[in-house]
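[1] Build me a structure from this.
(chains A and B)
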Amino acid sequence: MTMTTFTRRLALLGTVFGAALAASTGAQAQGQLTVYCGVQEDWCRPMVDAFEKATGVKVSMIRKSSGEIYAQVKAEASNPRGDVWWGGTGDPHMQAAEENLTEEYKSPKLPELNEWAVRQWEQSKGRAVGIYSGALGFAYNTKLLAEKKIDDPKCWADLLNPKLKDEVQVADPNSSGTAYTMLATLVQIMGEDKAFDYMKKLHANVNQYTKSGAAPAKATSLGETTVGIAFLHDHVTMIVEGAPMKAVAPCEGTGYEIGSMSIIKGAKNLDNAKKWYDWALSPEAQKLGAAAKSYQVPSNKATPIPPQAPKLSDIKLINYDFAKYGSSDERKRLLTKWDKEVKAQPK
Amino acid sequence: MRARQESRTGALALAVLACAAFAVLPWYWLDFSDTSHWGEYPVGPAGSALALGLTGKVWLLPFVLPLGLAVAGGMLPLGAPGRADRLVWAGGGGLAYGLVQGFALGLKGWNAAWLASLAGGPGPAQAGFGLGAAIVLAVFLLLLCRGLAERGWCRGDAFVVSSVGVVIALVGLFVFFPVGKILASAVQDNAGNFAPAQFLEKFLDESIWGLACVTGNLRCGVAWNTLLLGVLVGAGSTALGLAFALLATRGTVHGKKSLKILSVLPIITPPFVIGLALILLFGRSGVVSAGLSEWFGIPRSRWIYGLPGVLIAQLLAFTPIAYLVLVGVVQGISPSLEEASQTLRASRWTTFRTVTLPLLRPGLANAFLLGFVESLADFGNPLVLGGNFEVLSTKIFFAVVGAATDQGRATVLSIVLLIFTLGAFWVQQAWLGRRTYTTVTGKGDSGVPPPLPKGVAIACWGVALPWALFTVVIYALILVGGFVQALGRDYTPTLNHYVTAFRIDTSDGGFRFAGSAWNSFFATVEVAAMAAPLTAAIGLLTGWLLTRQTFSGKRAFEFGTLLSFAIPGTVVGVSYILAFNVPPIEITGTGLILVICFVFRNMPVGVRSGIATLSQIDKSLDEASLTLGARSATTLRLVLMPLLKPAILAALVYAFVRAMTAVSAVIFLVTAQYNMATTYIVGRVEAGEFGLAIAYASVLIVIMLAAILFIEFIVGERRLGRRGAAGVPVAAGG
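    Numbering: from 1, shown residues only, chains lettered A, B, ... in the order given. Predicted structure coming up:
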């Protein structure tokens, strides 16, 4: 091949390359917004689409687990890259608020919200607001349970059944906010010593501590585990898809999460972040959760509660102390203790 | 004479360019898409160094001195007394001052406590280097190199000195600097204070080195897990690769072509996708487990989660690399030696054992090393399949982003990983020793390789055939998985996963890439397309310097270029965050850091393939060109480049594929704007959205195949004046 054809081919390469670049940088008429999304991808995506359509703001969104987002926001604190942190369990939001990583904001939508969502806002000193709530629970795979001839588990205590050895799955609280909610819930129901005793015994039945909080629900639906501990709405999502499983709100009572939203301190697109914040509290935006098969209870009173959502009134909810168990000292202490006394135990 | 003239005006042009950049271009790092920065120009965030220097940032003004000196030097005629010295002093001084002021003053003023106490205050703040600073500093570097060349370095060849200077600067900045940074952070506590005692405490932690699994029912330390897995994967992939290589070169295989495809497929597969397929086959509700339990009553179990699963997944992923390394070595063995052995009446088996196998040693050692290092660095498979079997790469990840963030701990774990890798290099070198394994010589070698001994052939078939079948099943599953509702539960055909990932919304008239995968897809293709040519260029340039030029410190230079390859990706990722999240070089959160990360991580392959190909090309060709008056740059471009095509191809393909499939390094570096396909897929797998993950991975595989064909078309074939087939390039493995 002569040099000229080589050059021509290089030119072709350049053209293709340039076209690819041009295609990937879209129009940015109304400015942009970076959203760290803490719920399932299936929900994040329609939210972003709807917001882009409603406002013309170009959104870049990244989905991570709430623990990962917290770590990222903290790491980037000297030079923030994100604007809004939307979704994910409330504790890391509270922790970020405590560490001054997020911005105070009083949305005009606040009076439209349920009382628990406003309380979250008050407890975080205006830095985090509730956008949905969901109770913790477990679910079992009905097929597998029938094969094992075990009575339907109804309480936390039933999960210690020796017949369930290696049949319970729950996330690792070091990486998942869901699992930390369970840890804090048990401590509040049973008292710290008894709660750790319980978790040590449960440890023998746990087949895997997953990294993501919703993974046990998926594993239960696939039959990879008999019992999965996660938020009830995660289980309901699987049940609606036709998985042979049943969700249980434990008889001793259970804790719940307040899925929250914060504006990141030093956000580069503060105005658009506020736009998103107000919009995300509106019924139109909150309706998208049910459409995306996420059956949490939305925080705006005017949002229709999806019929599939587990009724908070039917569940024995504990009076979860978000301020105490959301604080970083308590969190660190409990996690260290869990690592030492539970995870490091022999099976 | 013409060349000399160019050289003279070149230095002056460079100096003038630097002056212009100093006076006009924005000195600090800046998001060009945000036009609001330009309001206060020439001061403000987009201000030039000159304007900012005159309006308060006085420490930028001293740059005027080296700039003036450079212009003065450049104006002098070539060879004039003092010209070279002026260039050296201007370049060296400017560069040194630029780095010192950049590292001393950061976002929050003085970067070191002792500087702040010396100056009696927090000091003025500044952002990271931007376009202006980059150009000015680069020019200083080039002027320094030119000055040194005019002083007679490298026979006065400015191109060679500049190349050496640029490559050293780049490797120093993007390999040594971050690695040094991570090593330093190991002896700091979470607040950044010097605390060597904490290092020891963390380093000797029970959770790293514990041996409880030997004595009881407890878990062993994560270091032992990693080491065990690495050794098993290294040995296993080498054995499998050897079986395939022997069959491909010595056996009477009919399906050599399918063997080649089988060997390439896993390389272009995002690694954890294999892990996913394994779950769908052998998980408790997997296809195979279901069959076994229904037909034979074997109870379903979770054996795949843990060491067995990770081991199988990594063997599937890394055997092809071993195969590619070994096939070249087996081809290279001169049949004459084996013929000689047989003439001396050795049996086929004796010949194989005493002649063939010993000659394979370098191949075996390299294959093992690559398998071992890849296993250590692999992040996706342990994440998906590890269950409660923890390895260093995942541990490091959760030490950084988990709920209990502890960077020091991540560093300590990284150092353990680094020790293992370097230890493996050392063991390999010791095992190979100083023996020579040269069998490819200039003399004709017309022997015919002997067929394999029967026992060996049967063993090879016995190993290779089931494994090949296994691979085929896995890929069939990956392909099918994207088109059914939910693998393992619901086999209704559907296009839903593809629609979710790659939907294009045309409802409001225009095109909108509404699918959830488009963002990461474009970012990945963009980054890979930028990284590939840069990787090839820098790698081959370095290879050329190492083989064709002599300069002092060459050995250390060579080691430095290999370092980034030896360091596991997770460590590279962490070190890049540590080094580049704050000024003077503040590029985390941009696409640039991903490109740079890929370029310097994959550069060694360009270097190696460049060296290998260049050592086959007779030096007299370059000498002829130089004698005819061409400069070294011209010689490189016109004489060597066309001959280097196989190496260019190998480097381009490898760099592109790696940029599209790497997980461990980039998982820390991705952001909302630049989310990579692989991290996106890992996220989907973690959330249990297998269908979407598999659909996306299938698309990536197709894109990579297309890209490889495209690169082959662009580069074209090397034409040698020989009869018959031209030399077939063998891609360097790794």
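
[2] where's the residue of the stretch 151-300 of chain A found nearest chain B, which helix or strand?
    Closest residue of the stretch 151-300 of chain A to chain B, CB to the nearest CB: residue A:218 (2.9 Å). (Each C-beta comes from the backbone N, C-alpha and C, glycine too.) Assessed by DSSP states H and E, residue A:218 sits inside helix A:215-222.

[3] Check which element follows that helix along the chain.
    With DSSP H and E, the next secondary element past helix A:215-222 is strand A:227-231.

[4] As PDB, could you dump the C-alpha coordinates of that following strand?
    C-alpha atoms of strand A:227-231 as PDB (Å, rounded to 0.1, in the frame of the first residue of the first chain):
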ATOM      1  CA  VAL A 227     -35.300 -16.400  52.200                       C
ATOM      2  CA  GLY A 228     -34.100 -12.900  51.300                       C
ATOM      3  CA  ILE A 229     -34.100  -9.900  53.600                       C
ATOM      4  CA  ALA A 230     -34.700  -6.600  51.900                       C
ATOM      5  CA  PHE A 231     -37.200  -3.800  51.700                       C
END
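
[5] Just give me how far that strand sits from the chain centre.
    14 Å (CA atoms, centre = their mean, to the nearest Å).

[6] For it, name the packing helices and strands.
    strand A:128-141, strand A:168-171, helix A:177-190, helix A:215-222 (3 or more CB pairs under 8 Å, 6 or more residues apart in numbering or on different chains; DSSP states H and E).

[7] and of the ones you listed, who's closest to residue A:44?
    strand A:128-141 (12.6 Å; CB to CB).

[8] what is the orientation angle of the closest one with helix A:215-222?
    Strand A:128-141 and helix A:215-222 meet at an angle of 30 degrees, taking axes from the mean of the first three to the mean of the last three CA atoms, to 10 degrees as the criterion.

[9] hmm, the helix or strand that comes right after strand A:128-141 in reach of chain B?
    Next helix or strand after strand A:128-141 toward the C-terminus (DSSP H and E): helix A:142-148. No - if you take CB under 8 Å from any CB of the partner chain as the test, helix A:142-148 misses chain B, and the best it gets is 8.8 Å.

[10] Just list whatever residues bridge to residue B:490.
    residue B:486 (DSSP bridges).

[11] Check whether it really touches residue B:484, as I assumed.
    Yes - judged on CB atoms under 8 Å, residue B:490 makes contact with residue B:484 at a distance of 7.1 Å.

[12] out of these two, which sits in the busier spot?
    residue B:484 (18 against 13; other CB atoms under 10 Å in any protein chain shown).

[13] Contacts only, for the spatially most central residue of chain A.
    By CA atoms, centre = their mean, chain A has its centre lying nearest to residue A:88, at 3.2 Å. By CB atoms under 8 Å, 6 or more residues apart in numbering or on different chains, the residues touching residue A:88 are A:38-39, A:65-66, A:69, A:177, A:259-260.

[14] Name the SS class of it, please.
    What DSSP: H, G, I helix; E, B strand; the rest coil gives for residue A:88 is coil.

[15] Okay, it and residue B:329: tell me how far apart.
    Separation of residue A:88 from residue B:329 (CB to CB, to the nearest Å): 52 Å.

[16] how about the strands in chain A?
    A:32-37, A:58-63, A:84-86, A:102-103, A:128-141, A:168-171, A:206-210, A:227-231, A:245-248, A:256-264, A:297-298 (DSSP state E).

[17] can you redo those as TSV with mean pLDDT?
    Shown next, in TSV, are the strands of chain A (pLDDT from 0 to 100):
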stretch	mean pLDDT
strand A:32-37	90
strand A:58-63	84
strand A:84-86	95
strand A:102-103	94
strand A:128-141	93
strand A:168-171	92
strand A:206-210	87
strand A:227-231	94
strand A:245-248	92
strand A:256-264	93
strand A:297-298	88
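
[18] Go through these and name the closest to residue B:500.
    strand A:58-63 (13.4 Å).

[19] tell me which strands and helices the closest one is in contact with?
    So strand A:58-63, by 3+ CB pairs under 8 Å, 6+ apart, packs with strand A:32-37, helix A:41-55.

[20] Tell me the strands beside it, with direction?
    strand A:32-37 (parallel).

[21] quick one: the strand it pairs with to helix A:41-55, angle?
    Using the same axes, to 10 degrees: strand A:32-37 against helix A:41-55 is 160 degrees.

[22] Up against chain B, what does the stretch 201-347 of chain A have?
    A:207-212, A:214-215, A:217-219, A:221-225, A:241-243, A:268, A:331-332, A:335-336, A:344, A:346-347.

[23] Also the stretch 51-200 of chain A?
    Residues of the stretch 51-200 of chain A lying near chain B (CB under 8 Å from any CB): A:53, A:60-65, A:67-68, A:70-72, A:74-76, A:78-79, A:81-82, A:92, A:166, A:173-177, A:180.

[24] ok, of the residues you listed, which come out buried?
    Restricting those to buried positions leaves A:60-65, A:67-68, A:70-72, A:75-76, A:79, A:81-82, A:92, A:173-177, A:180, with burial counted as 16 or more other CB atoms under 10 Å in any protein chain shown.

[25] and the longest helix for chain B?
    With secondary structure taken from DSSP state H, chain B has its longest helix at helix B:518-548.

[26] Now do stretch B:630-650, average pLDDT.
    The average pLDDT for stretch B:630-650 rounds to 81.

[27] What are the buried residues along that stretch?
    Buried-residue list, stretch B:630-650, by 16+ other CB under 10 Å: B:630-632, B:635-636, B:639-650.

[28] and the end-to-end length of that stretch?
    Start-to-end span of stretch B:630-650 (CA to CA, to the nearest Å) is 28 Å.

[29] and the gap between residue B:242 and chain A?
    35 Å (CB to the nearest CB, to the nearest Å).

[30] Let me see the domain layout of chain A.
    The record's domain split for chain A, according to automatic domain parsing, is A:32-133+A:257-305, A:135-255+A:331-343.

[31] Which one, of those domains, ends up nearest to residue B:579?
    Of all the domains of chain A, domain A:32-133+A:257-305 comes closest under CB to CB, at 13.5 Å.

[32] Counting neighbours, what do you get for residue A:49?
    18.

[33] shouldn't it be in contact with residue B:514?
    Yes - with contact defined as CB under 8 Å, residue A:49 reaches residue B:514; the gap is 5.8 Å.
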